[in-house]
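S.K.: One predicted model, sequence on top.
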Amino acid sequence: MLLRQRKGQSTLEYALLIAAVVAGLLVMQMYVKRGMSGRVKSASDELGEQYDPTAFSANYTTVSHSKRNETLSSGKTTSKLTDEEYTRRNGTESVSSWSANASIYDNL
């Protein structure tokens, strides 16, 4: 009978030890998350300026050209390219500096 009590005591000790380890991991989870998010933020800050849609502007003119011959026979349409097909795009892109648009983010 004394052996059964000792065996039960050992099982209870292991269960308490496992519960303490699990509780410790659950408590540490918050600190690990904060540490990882801090590292991600630090890495993104080191990359420099990020894309700002308010600082980007583009002005393009697009010209497309194609020449096709389409025929309809027996309810079936056939399309044949008869000349070279091309698309041209001319224009400009610009990205203004971050400081020029910094006032947009002051009120957020």
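M.R.: Great, that's in hand.
S.K.: all helices for this protein, in order.
M.R.: Counting by DSSP state H, the chain has helices at residues 2-47.
S.K.: any low-confidence regions in it?
M.R.: For the chain, the stretches flagged by pLDDT under 70 are 1-8, 49-51, 97-108.
S.K.: hmm, try it at 50
M.R.: When residues are selected by pLDDT under 50, those of the chain lie in 1-2, 99-105, 107-108.
S.K.: can you tell me how far residue 92 sits from residue 63?
M.R.: Residue 92 sits 16 Å away from residue 63 when distances are taken as Cβ to Cβ, to the nearest Å. Yep, even glycine has a C-beta here, placed from its N, CA and C like the rest.
S.K.: Check residue 55 too.
M.R.: Per Cβ to Cβ, residue 55 is found 28 Å from residue 63.
S.K.: List the residues that contact residue 96.
M.R.: Counting by Cβ atoms under 8 Å, 6 or more residues apart in numbering, residue 96 makes contact with 55, 57.
S.K.: Quick check: it vs residue 9, distance?
M.R.: 73 Å.
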